[in-house]
Every structure is written in C-alpha cells, then in structure tokens.
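J.: coordinates only, sequence not included:
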C-alpha cells in the first residue's frame, strides 16, 4: 500500500500503482428517469439485461475531476495536498498520544485513516499521470506526488505508528479484536518491519540506502528493456498485415517494400514468430528478442542480489520469503510445490499438443525436434487462421453480457450516468454507477462508481489497467463523536485500448471480462479498513475474481444471451462460437507451460539459491532439469525482456495459481449453472465482500463447502 512501500518513499521516485485491468462501458439502452430510480428492461426472448441510463436531471451535477470541485484547475492539486497533510497530521498526533498513554483503542482506525487519505490522493494522481492528456493538470499531479513522497518518507520512519499497532495487539485490547482487525493490524505492522523500523537507526539508514539503489536499478532496467536495440530485421510488409494499425505506425518502411522490425519491439517480434515460414529467420528473430546492446544481465544480477540482501537485513531468508509473507501461498516452498504439481498435471495434455504440432511440422517438412522458436508458427498453422474478430462480440454486447451476469449472480446493475462538467479526463471516458437491484427490477442505492476509459488514444497508457481511486469501506469515526458515518463508496477507473469496439476478438473480450472481475472485487468489497479492501492484497488472491470471470465467455449458454446481431437481434450460432473458442484455445497446455516456466524463473531469481550462484543462465537450465518444462531455454535468455521480474518480486506465480484456483471454483460451483443466484450470493459473501483480508484459505473452503489444498487446485488444470 502506498505509504508503506519503502521503494516509493525513500527514493522519492514516482512508481506505478498498477492493478491489471480493463473494464468497459458502452451505452446500451436508454431508460429515462426523472428520479434516482430506474427500471430494468429485459429482452423478452432470452432474459438478457441491458445497461441502464439515467438522465442528468436525476443527479447532483458536479464539476472537477471525478467530482472533486478542487480539481477543476491544476491549482486544485495543491489545495487537496494541503488538506491531506492536515488530516494525516491530525491522525498521526492521535497515535502518538495513544502510544504515550498506553491506550491503543483507536490506533488501528487512525492508521487506516492515514493510509486511506494518502492512497486516495496518490492513486488519483497516478491515474491522471497515466491517462490524462499531457499538460498543466498532469504536471501538477506529478509535482504533488513528489512532495508527498518526501512526506511519506517521514511517516515511514515514525516508530510511533509501528508501536501503535504492536501495542494494540499485545495489550488487553488485543483479545477483543475481530479477525479483520487483527489481520489488518498485523499487515500494517509487517509493512513497517519490512522497512526495519524496529531495528534501530543504523539499520533503517541502510534500508533507505538499499531501497533507493533498488529503485534506481529497476528504472534503469525497465528503460533498457524497452529501448535498447539489439538486432533488427528487414521483413516483407505482407507478413505484417495482421498487426494492429497503431503498431504498424511505429515501424519504419523501406523503399523496397520491407519493414524494419527491431526485435525489442515485442509485439511485432512475437507476431513474426507466428507467420515467418523461414525457420532460420524465426530462430534469428527469437534470439534477437533477447539480445541487447547494454549490460542488462549485470544490472539484473545486482537487482536480485540487493533484493535478497535487503530481505536478510530485515530478518528474512531471501527476497522470495519476504515478498510472500501474508500472501495466500505464504512461502516459496508452497509456490514451488504448486508449480511442480501443476506441471505434472498438464504434462499429458502438453504431450498431446506437441504430438499435434509434430504432425503439422511433418506436413510442412520441418525436420528435427520442435524448438521454442517453432511453437507459435506451428500453432498458427494448426489453427488455420488468426484470432478472429466477431461483431457478435462488440463492446456494447459484451457490456450487456457483463451487466446480465452481475444482475443474475449478485443482484446489482450498471447504470450509465452522465458526467458533470470537467468530471472526466477525456471526452471518451464514460461513467457507470453500480447499484443494488431488486428482483422486480427496481434500482436501489449506489454501491460505487466506475469510470471506463476503453478506446485507444495516443497520449495514454493503453495497457489494460485498474486504478483504485477510492476504496469502499465501512466508515468508523477515529475521533469518537457518537456520530455514524455513511459507507465510503468505491471509485475505480478501468482502462483498455480497444481499436475496434464494434468487433472484439475473443482474447480482447477475455481481457474485458478479466478486468471486470477485478472491478467487482473493488466495487463489492465491504471491509472496515481500506488497507485490505478490494484488490489491496496479495496478487495470488486478488487475481482470483478476475480470472474466474473469464469462464463466462467459454459457455455458449451464457454468451448467446448477449452476443447478438445489432440489426436482427439474432444470437451467434453455437457452431460459430465453438469455432471462435477452438481457435483461441487450441493449445492451453503450451500457454500454461510458459507461465509455469516464467513463474519458476521468478522464484529462483529471488531465492537464496540465486544468491549462492549469481547466475541468471542457471535459472534457464533449472526449469528443464527440475521438470517444470520439457523445452530448453538455455539459448533464449527470457529474463532480459521479462518485465514482470521488476514489478512482482516472486509474485508472477499468481497467474497460473489463480487460473487453477478459479478453475476449481468454477468446476465445483458454477459449471452446472453459471448464473445460479445462490452461488453468486455465496461468492459475493465469502470472496468479494471481505476484500483481501482474513484467512483466505478458510474463505475459499467456506465457499466450496469442503477442505481445499494446492494438490486439488493443481488437478483442475487438467483438460476436462
């Protein structure tokens, strides 16, 4: 969380608050209403529900970004910043007083208020830095972030905040705390201890120095990974006809009809691997992808060594052990056990897929063993066509589907809401309120707000992203006045870069559903503390709701309810949709194999074993030697372009982990009836509303109604 990540604080460097995301928004049907109540209209033929629309007359008109009147001009950032300082200082003084008097009754509430105020402001600034058109507003947001970084460094070295948590847990008050309060207080305390706040001034000084060094290394490596040019190839333009237009515009054309492809342009290079017939050129492209002009290897080695040395300084065995505390997995041994169990479970299916590719290779007269650089090309040949766009999967239709799903499962609905003057950062951004909805179709209270920024723009981070601008939580008055406060409603921004909203590919639709799953986690979370609200927690749990939502797209009986011809209203045929799914899912075991391999590399580079060898290439050898993958990676140093090594720190396993976890929940609870309300209400109660806190294993078992283990989880990766 924002003010505890020492990397952000000590270095005074503005880092990203990224949560994978993409959500959507598209107007669907207008239901005019002069009050805050609208009614649900269902299509008589199949019961699919369309997004509602409310007129501006029913709402309080607002001005300023996300309804904050201060942000109607760049100068407003200074006013909000000063307000943040005032509120936070008040809560800091209150904790100091409680520590000095030995009465810790409200220390946790005060600390969560501190964190909440900082998060709300900094998360908003970061979102605007990524999304708002360049200019004075962005400059003011970045300036505020830099100043707050200095202020947060002071907070991070304030021992009173740490001892407020420790005192509360060890005092008589500790025995009366709820499980949510204990988990949140322990999480705060752990964040402080990772910063060595309890180990004395000399150690804290070293921690600040090392985190500064690590932060600088991460930025240097990220810049090198994205800009250093290794090999470049001249490729006939005919091979690139499937690249999106915005990517083609970045490539240089030659007079002879060729296009220059720098291999560090990952999307173009990966695309070439799927279409180039010349095997030698495919190998050269893959080698070029991982070739650099600079010294990335030495920088990466320094980064991983410094991470583990820092972890040891504050009492952990290595970086992986430090990173995984309080995660669902809890320790590297559990992660590695899962990776090996998952690898074993998918191996029969992987062998089947490789046999199919071998037959394709034989038909194309490709001699010898199948190599890594052959995989994408052979898969493409086996599919016979590239990922196909379908007008049935328009953004509008997909939003209809998402709305129908959440109404059926959770009894909530999306209401498209007009924005006030200056409320959004671009005219293409749309606002949706999530509301409670009765079975009779009557709209109730607003739960939260979703700003959807879905269309491609040049001056914007078009990567699917989820920005929590304000978490939802039950408000407690940290300064007891006897007054009850209303719940603070969540506000999120969901971002995509769709270039053709009238016809998405299945992969694009999956991204939309995936990120909408994140949105539901954020919007339906109902915790007391923002520190554990929604997706604010370990990635190996927060990716569960998003990954589970992808499964709805694999069920024709669900998709037919919203994938319709815009003119005739006719649903997509089962045969056509089955073919779309087949083309996108032909080789799931190969995809999982790569994910498990990268997860294993991530664990190794953050382990004590790497500290002993300091060999990046040894990691490439181990993934084959230990049986994680049957392929040899030793000639392809994937780590040079594996961007997640910088941002996850032993956390990349969360993706295959949550794929297996969500598949288990889907198979056992949703497969027989994906839209069953009782399952939806149970899922909302045990998985979504409790955010990322508490005993998450117990929550999963409560939802499933039985004991749960990583072996059970891994088995669900097997082909059904």
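T.: Cool, got the structure. This structure is a prediction, so every number in the text was calculated from the model and none was measured.
J.: Could you look up the next helix or strand downstream of the longest helix anywhere in the chain?
T.: Counting residues, the longest helix found in the chain (DSSP state H) is helix 332-363. Of the helices and strands lying after helix 332-363 in sequence (DSSP states H and E), the nearest is helix 372-383.
J.: which helices and strands does that next one pack with?
T.: helix 266-275, helix 279-289, helix 332-363 (3 or more C-beta pairs under 8 Å, 6 or more residues apart in numbering; DSSP states H and E). Glycine gets a C-beta too; all of them are placed from N, C-alpha and C.
J.: Distance to residue 506, mean neighbour count and mean pLDDT added to these, as JSON lines?
T.: As requested, the helices and strands packed on helix 372-383 are exported to JSON lines (distance: least, C-beta to C-beta, whole Å; neighbours: other C-beta atoms under 10 Å; pLDDT from 0 to 100):
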{"stretch": "helix 266-275", "distance to residue 506": "16", "mean neighbour count": "18", "mean pLDDT": "77"}
{"stretch": "helix 279-289", "distance to residue 506": "25", "mean neighbour count": "19", "mean pLDDT": "83"}
{"stretch": "helix 332-363", "distance to residue 506": "19", "mean neighbour count": "18", "mean pLDDT": "92"}
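J.: show me what contacts the nearest residue to residue 81 once chain neighbours are set aside?
T.: Spatial nearest neighbour of residue 81, excluding adjacent residues (C-beta to C-beta, 6 or more residues apart in numbering): residue 144 at 4.8 Å. By C-beta atoms under 8 Å, 6 or more residues apart in numbering, residue 144 lies in contact with 77-78, 80-81, 121, 125.
J.: Okay, residue 144 and residue 130: tell me how far apart.
T.: 15 Å (C-beta to C-beta, to the nearest Å).
J.: quick one on the thing from earlier: let me have the contacts of residue 144 in CSV, extended by pLDDT, neighbour count and secondary structure.
T.: Formatted as CSV, those follow (pLDDT from 0 to 100; neighbours: other C-beta atoms under 10 Å; DSSP: H, G, I helix; E, B strand; the rest coil):
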residue, pLDDT, neighbour count, secondary structure
77, 94, 26, helix
78, 93, 14, helix
80, 93, 18, helix
81, 94, 20, helix
121, 92, 25, helix
125, 93, 25, helix
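J.: circling back: next, the angle helix 372-383 makes with the longest helix of the chain.
T.: Relative orientation of helix 332-363 versus helix 372-383 (axes from the mean of the first three to the mean of the last three C-alpha atoms, to 10 degrees): 60 degrees.
J.: okay, now residue 182: neighbour count?
T.: By the criterion of other C-beta atoms under 10 Å, residue 182 has 16 neighbours.
J.: tell me which residues in the helix or strand harbouring it are buried?
T.: For residue 182, the host element (DSSP H and E) is helix 179-194. By 16 or more other C-beta atoms under 10 Å, the buried positions in helix 179-194 come out as 180-185, 187-189, 191-194.
J.: Repeat that for stretch 577-587.
T.: Neighbour counts over stretch 577-587 (16+ other C-beta under 10 Å) mark 577, 580, 583-584, 586-587 as buried.
J.: gap between it and the chain center?
T.: For stretch 577-587, the distance from its own C-alpha centre to the chain's C-alpha centre is 25 Å (C-alpha atoms, centre = their mean, to the nearest Å).
J.: Show the average pLDDT along that stretch.
T.: The average pLDDT within stretch 577-587 is 83.
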